[in-house]
Structure formats: C-alpha cells, structure tokens
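> show me how the following folds:
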Amino acid sequence: MAERIRNFDWQNDENLKDDLQRYVVENFRQKEILDFVRRDYPLYAWSLGTLDRRLANFDIKYINYRVDIHEVEAAVREETN
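Numbers count the residues shown, from 1 in each chain. Reported below is the predicted structural model:
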C-alpha cells in the first residue's frame, strides 16, 4: 500500500491565508473557492473538507458575530437610502 504524503506547509502560507480571506469577504461559495485554490495552490491537496478545515485553522468565517449592532444598523440604513 502506498504511503500517503502530507504537506503541512499550508499552515504557514500567508498568501493562501490572504487569498482565502479575500474569497470569503467577496462571498464566493466554497465550490468556487475550491476552483481557485486548486489552480493557484496545486501543491496542497484540496476537497471541501480540507477547505473547511483550513478556513477554520486561519479563523476565517463567512459570518462575523463580533460586529457591533450599531455598525449593522448603519449598514442597513445606508443600503436602504
């Protein structure tokens, strides 16, 4: 049976972290992000599960629960005007 080689260099890859953050901020779906990272970071293994774990490792979330309610109200007011 072939030995599986794992590449843990992604944990220190600041470019990867920045790109993942940008994709989430731009609200890309995970399948869309997978297309980009498979093209731009082919030396790392990719699947929806690994993408999920890597986003969690970099503490990148689609929803920021730490936003102040006043910021939300201001954003909604701005959009409705």
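> which non-adjacent residue is nearest the most centrally placed residue in the chain?
Taking C-alpha atoms, centre = their mean, the centroid of the chain lies closest to residue 20, which sits 3.6 Å from it. Excluding the flanking residues, the one nearest residue 20 by C-beta to C-beta, 6 or more residues apart in numbering is residue 60, at 5.5 Å. From N, CA and C alone the C-beta is placed, and that goes for glycine too.
> torsion angles phi and psi at the one you found?
phi -100, psi 120 (degrees, to the nearest 10).
> for the one 3 residues further on, same thing?
With angles defined as degrees, to the nearest 10, residue 63 sits at phi -120, psi 130.
> buried residues in the helix or strand where residue 79 lies, which are they?
Under the criterion of DSSP states H and E, residue 79 resides in helix 69-80. Using 16 or more other C-beta atoms under 10 Å as the test for burial, helix 69-80 gives no buried residues.
> rewinding a little: isn't the residue nearest to the centre of the chain right up against residue 36?
No - if you go by C-beta atoms under 8 Å, residue 20 and residue 36 don't touch, sitting 9.3 Å apart.
> the residue nearest to residue 20 - how many residues pack around it?
15 (other C-beta atoms under 10 Å).
> OK, contacts around it?
17, 20-21, 24 (C-beta atoms under 8 Å, 6 or more residues apart in numbering).
> please apply the same query to residue 30.
Contacts of residue 30 by C-beta under 8 Å, 6+ apart are 48, 51-52.
> got those residues as TSV, with secondary structure and neighbour count columns?
As requested, those are exported to TSV (DSSP: H, G, I helix; E, B strand; the rest coil; neighbours: other C-beta atoms under 10 Å):
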residue	secondary structure	neighbour count
48	helix	11
51	helix	18
52	helix	11
